[in-house]
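Trainee: Can you look at this prediction? I've put the sequence above it.
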Amino acid sequence: MSIALNHTIVAARDKKASAQFLADILGLEVSPQYGPFIPVQIPNGVTLDYMDTDTAAPITPQHYAFLVSEADFDEILARVQESGLTYWADPFHRIVNEINTNDGGRGAYFDDPNGHNLEILTRPYGSGTD
């Protein structure tokens, strides 16, 4: 059996601005609009398809984690810091402006403009020792 995640839809107040935010922070490009979606393709082929939501309805925050190389982590974290974003070492947003070293790698969490919790990590969970 071959199963792979192809895309997921990300709720946004402004799909263009939200897609551009993610692309800028991760060092990626925004793809052309496809129907009601503005996609950002991740190098493994998965796309995050941003879609505008009803402005009266609250957006339920989701969590999106990106496995990155050590070099990419440094570059992304630098862009997060240069953007003036707060970041955390933990998913509960308790350890401010620090990174974690879970599983012998590095990780950090930050929010996008819609309140989605974004994570960058250099080692998959359970792949090493704390």
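Mentor: Looks like it came in fine.
Trainee: low-confidence ranges in the protein?
Mentor: Residues of the chain that meet the criterion pLDDT under 70 lie in 129-130.
Trainee: What segments of it are strands?
Mentor: 7-12, 38-41, 47-52, 63-67, 87-88, 107-111, 117-121 (DSSP state E).
Trainee: which residue packs closest to Asp72, ignoring adjacent ones?
Mentor: Closest residue to Asp72 apart from its sequence neighbours, by C-beta to C-beta, 6 or more residues apart in numbering: Gly27 at 7.3 Å. (Glycine included, C-beta is placed from N, CA and C.)
Trainee: Let me see the contact set for the one you found.
Mentor: 72, 75-76, 79 (C-beta atoms under 8 Å, 6 or more residues apart in numbering).
Trainee: Over to Asn114?
Mentor: With C-beta under 8 Å, 6+ apart, Asn114 has these contacts: 10-13, 18, 59, 61.
Trainee: Just the buried residues out of the residues you listed, in ChimeraX syntax.
Mentor: This is how ChimeraX selects the buried members of these, with burial counted by 16 or more other C-beta atoms under 10 Å:
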select :10,11,12,18
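Trainee: can I get the contacts of Asn114 in a markdown table with distance to Asp90?
Mentor: Converted to a markdown table, these look like this (distance: C-beta to C-beta, whole Å):
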| residue | distance to Asp90 |
| --- | --- |
| Val10 | 22 |
| Ala11 | 24 |
| Ala12 | 25 |
| Arg13 | 26 |
| Ser18 | 24 |
| Ile59 | 22 |
| Pro61 | 15 |
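Trainee: can you tell me which of the contacts of Asn114 lies nearest to Val96?
Mentor: Pro61 (18.0 Å; C-beta to C-beta).
Trainee: Pretty sure Pro113 is one of the things the closest one touches, is it not?
Mentor: No. Using C-beta atoms under 8 Å, Pro61 makes no contact with Pro113, being 11.5 Å away.
Trainee: coming back round to it: format the strands of the chain as CSV; extra columns: distance to Pro32.
Mentor: Listed next are the strands of the chain as CSV, based on distance: least, C-beta to C-beta, whole Å:
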stretch, distance to Pro32
strand 7-12, 15
strand 38-41, 8
strand 47-52, 12
strand 63-67, 21
strand 87-88, 30
strand 107-111, 26
strand 117-121, 23
